[in-house]
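Peer 1: No sequence on hand, only this structure:
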Ligand code: GLA
């Protein structure tokens with residue numbers, strides 16, 4: 001029995017139980033009073049020792065791959081060192097670091113903390129331990145060279161522990177922090193770092209289901225080039241059948257009253273105010289829409305889907321058609337998503353595991369050839385257009401694309417024409433292998449970097465087809481300052497977000513720094529919305545549930561809405577679940593993104609990791625985000641004086657689509673970890 005009990009406890013406790021059992025057996029054999037007294041005394045002592053017994057797990061032996069910017073000391077070539085003292089065990093962190101632990105009944109966490117002696121810029125660092133959201137240890141600002149501080153935190157009854165290292169107000173450069181000799185004492189299940197989205201959270205659907213009556217969504221302003229083919233599907237929620245009408249529609253355009261799809265030829269230059277009407281058995285609604293026939297496309301940020309983060313090099317005609325089908329059947333098109341965009345890998349390459357992707361790059365006349373997964377590009381775009389949606393394609397100005405497929409180098413004119421002839425409405429132009437071309441050229445770097453985009457920009461403008469031009473060169477040479485000048489409608493402001501999904505706040509904040517360069521027709525692009533099922537960017541494996549918490553997913557969409565960033569979803573359209581659709585498809589959130597002023601919100605910092613983002617909207621109201629980029633819930637206050645608002649405001653919760661009452665002077669809210677409370681403030685009519 002004692003042995004069986006021993007199986008349930010830790011190895012060191014098993015050893016103690018074993019010797020306990022052996023002693024009982026030998027002492028009981030004495031059958032003497034002395035023996036019994038000894039036995040009882042030993043048992044009392046032994047039981048006490050047994051109760052106090054605990055195992056130790058070192059932080060450096062836990063799975064740190066789940067943590068941010070932390071590496072087990074054992075993986076480093078030098079021991080940790082604080083103020084001249086070295087430590088054989090521990091965890092080194094770099095920059096802001098988070099380690100989430102499920103203590104599983106552990107009793108204590110102990111460590112010795114301080115700045116590593118190897119930190120070149122002699123930074124200050126702060127160490128904090130939070131137990132179930134409450135601060136249990138705070139080192140305060142610790143300077144380089146300062147003696148280490150001991151940490152001893154009781155974990156009794158704790159569910160989750162956060163070890164947080166942050167900069168101590170001097171910026172996060174070269175912040176090397178050490179959790180030296182860090183360990184947890186436990187009896188029972190071994191503590192572990194938390195796997196998956198952190199911390200665990202229930203996925204709550206905030207967006208109310210659309211009612212059966214019609215509701216027209218989508219942009220209020222729309223640019224198209226005179227004389228080119230026109231296509232627009234009026235995004236409308238509500239029970240079908242719906243009957244559509246469009247008052248003020250130019251004569252060169254025709255509306256299909258049952259589908260709401262407008263086709264024809266864009267009329268001559270000018271502004272055309274149109275009123276859309278949608279009617280079904282539950283009601284009728286109208287919405288103003290302004291068609292601007294001129295030079296500028298994408299007067300509001302592009303909305304659609306791109307295959308990259310769902311299918312990588314497995315893309316095919318079939319997947320693209322299915323995505324178009326789902327864009328309609330899921331209701332995404334009813335809130336404004338319209339582009340169905342192929343990314344890399346539709347062409348041929350020299351070598352591939354997939355023989356369908358190997359073949360000549362071009363035909364004898366120099367025309368680019370799609371690989372065998374795309375038997376007929378024109379038929380594919382016809383299929384997409386038939387649904388009232390638009391089609392996008394990708395290439396590189398280099399000889400090869402990022403994934404090593406045929407690029408456009410020295411065939412730019414032929415390719416631009418081919419894309420137009422095939423019927424594409426959008427081109428993503430991805431730098432990648434053009435690097436080698438630019439390196440060979442002489443002259444100022446800026447001119448060399450602009451050149452391929454200017455070339456393609458001019459070519460696209462001259463096609464008899466509207467093609468939105470999306471620059472992808474990861475923000476090099478401040479592309480936001482010249483992207484519009486070379487004909488770009490949007491430009492990526494950073495590298496691939498798929499590689500740093502846990503940094504959506506930081507990426508949105510960096511993107512917002514370039515807000516002044518953004519305007520209708522010319523958008524900063526912090527990259528795709530990667531929620532739902534997405535394939536890991538490193539392994540390019542089959543799509544799996546997004547690693548962000550539900551709150552982070554709402555924040556992602558809120559920040560993209562406040563930034564007027566292109567809303568291009570890049571997850572598996574075949575695996576859209578109700579939660580993901582609710583994040584993607586709230587028309588009030590999308591209205592903020594699509595607002596005709598096209599403003600990217602201003603950021604007003606208001607505490608460590610806290611900020612308010614405020615975006616002026618065309619109707620005089622303001623969208624604001626109360627944002628908490630930190631690891632713990634915090635109160636965020638939007639003060640009217642800081643955000644340039646006067647008087648009493650009607651406050652609307654945009655995600656829940658309901659009014660919260662009025663506020664004057666300020667609005668404050670408790671914002672969860674990595675959360676954004678998204679509100680719309682309109683001047684209140686009541687005195
Ligand atoms: C680059 C781009 C991505 C994607 C891939 C395709 O990394 O930034 O968005 O297009 O290339 O290879």
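Peer 2: Structure received. Computed from a predicted model, the values in this text were never measured in an experiment.

Peer 1: helices or strands next to the helix or strand hosting residue 135 in the packing?
Peer 2: Assigned by DSSP states H and E, residue 135 belongs to strand 134-142. Counting contacts by 3 or more CB pairs under 8 Å, 6 or more residues apart in numbering; DSSP states H and E, strand 134-142 packs against strand 108-115, strand 125-131, strand 149-154. Every C-beta, even on glycine, is put in place using the N, C-alpha and C of the backbone.

Peer 1: Save those as CSV, and put in distance to residue 229 too.
Peer 2: Formatted as CSV, the helices and strands packed on strand 134-142 follow (distance: least, CB to CB, whole Å):
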stretch, distance to residue 229
strand 108-115, 63
strand 125-131, 58
strand 149-154, 66
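
Peer 1: which one of the ones you listed lies closest to residue 486?
Peer 2: strand 125-131 (43.1 Å; CB to CB).

Peer 1: State the pLDDT value of residue 76.
Peer 2: Residue 76 carries a pLDDT value of 58.

Peer 1: Spell out the secondary structure type for the residue nearest to residue 655 when sequence neighbours are not counted.
Peer 2: The shortest distance from residue 655 to any non-neighbouring residue, by CB to CB, 6 or more residues apart in numbering, is to residue 206 (4.2 Å). Reduced to three states with DSSP: H, G, I helix; E, B strand; the rest coil, the structure at residue 206 is coil.

Peer 1: gap between residue 206 and residue 579?
Peer 2: Between residue 206 and residue 579 the distance is 10 Å, computed by CB to CB, to the nearest Å.

Peer 1: What of residue 154?
Peer 2: 37 Å.

Peer 1: okay, the two: which has more neighbours?
Peer 2: residue 579 (19 against 12; other CB atoms under 10 Å).

Peer 1: who's in contact with the one helix or strand residue 641 maps to?
Peer 2: Here residue 641 sits within helix 640-643, counting by DSSP H and E. If you take CB atoms under 8 Å, 6 or more residues apart in numbering as the criterion, helix 640-643 is touched by 604, 606, 612, 614, 622, 624, 646, 649, 664-666.

Peer 1: For residue 605, list each beta-bridge partner.
Peer 2: Listed by DSSP bridges, the beta-bridge partners for residue 605 are residue 611.

Peer 1: How many neighbouring residues does it have?
Peer 2: By other CB under 10 Å, neighbour count at residue 605 equals 12.

Peer 1: again, but for the one 3 residues further on
Peer 2: Residue crowding around residue 608 was assessed by other CB under 10 Å; the count is 13.

Peer 1: quick one: contacts for the nearest residue in space to it that is not next to it in sequence?
Peer 2: Excluding the flanking residues, the one nearest residue 608 by CB to CB, 6+ apart is residue 630, at 6.7 Å. Residues in contact with residue 630 (CB under 8 Å, 6+ apart) are 608-610, 673-674.

Peer 1: Now do the strand holding residue 135 and strand 108-115, the angle between them.
Peer 2: Relative orientation of strand 134-142 versus strand 108-115 (axes from the mean of the first three to the mean of the last three CA atoms, to 10 degrees): 20 degrees.

Peer 1: how far out from the middle of the chain is strand 134-142?
Peer 2: From the chain centre to the centre of strand 134-142 is a distance of 30 Å (CA atoms, centre = their mean, to the nearest Å).

Peer 1: now do stretch 470-477
Peer 2: On CA atoms, centre = their mean, the centre of stretch 470-477 falls 18 Å from the chain's centre.

Peer 1: Next, see if that stretch gets close to the ligand.
Peer 2: Yes - for stretch 470-477, a contact with the ligand is found by CB under 6 Å from any ligand atom, at residue 472.

Peer 1: Next: stretch 422-430.
Peer 2: Yes - counting by CB under 6 Å from any ligand atom, the ligand is contacted by stretch 422-430 at residue 430.

Peer 1: what about the one residue in the stretch 451-600 of the chain that gets nearest to the ligand, how many neighbours?
Peer 2: For the stretch 451-600 of the chain, the residue closest to the ligand is residue 496, as judged by CB to the nearest ligand atom, at 4.6 Å. For residue 496, the count of nearby residues is 16 (other CB under 10 Å).

Peer 1: same thing with residue 646?
Peer 2: With neighbours defined by other CB under 10 Å, the count for residue 646 comes to 10.

Peer 1: Report the buried members of the contacts of residue 630.
Peer 2: For the contacts of residue 630, a neighbour count by 16 or more other CB atoms under 10 Å gives the buried set as 609-610, 673-674.

Peer 1: The residues you listed: which ones sit near the ligand?
Peer 2: Of the buried ones among the contacts of residue 630, not one also sits near the ligand (CB under 6 Å from any ligand atom).

Peer 1: The helix holding residue 641 - what's its average pLDDT?
Peer 2: On average, helix 640-643 scores 95.

Peer 1: Contacts only, for residue 296.
Peer 2: Here residue 296 is in contact with 223, 520-521 (CB under 8 Å, 6+ apart).

Peer 1: one more time with 10 Å, if that's ok
Peer 2: Shown in contact with residue 296 (CB atoms under 10 Å, 6 or more residues apart in numbering): 223-225, 484, 489, 519-522.

Peer 1: Likewise for residue 632?
Peer 2: Residues near residue 632 by CB under 10 Å, 6+ apart: 128, 130, 133-135, 162, 164, 609, 672-674.
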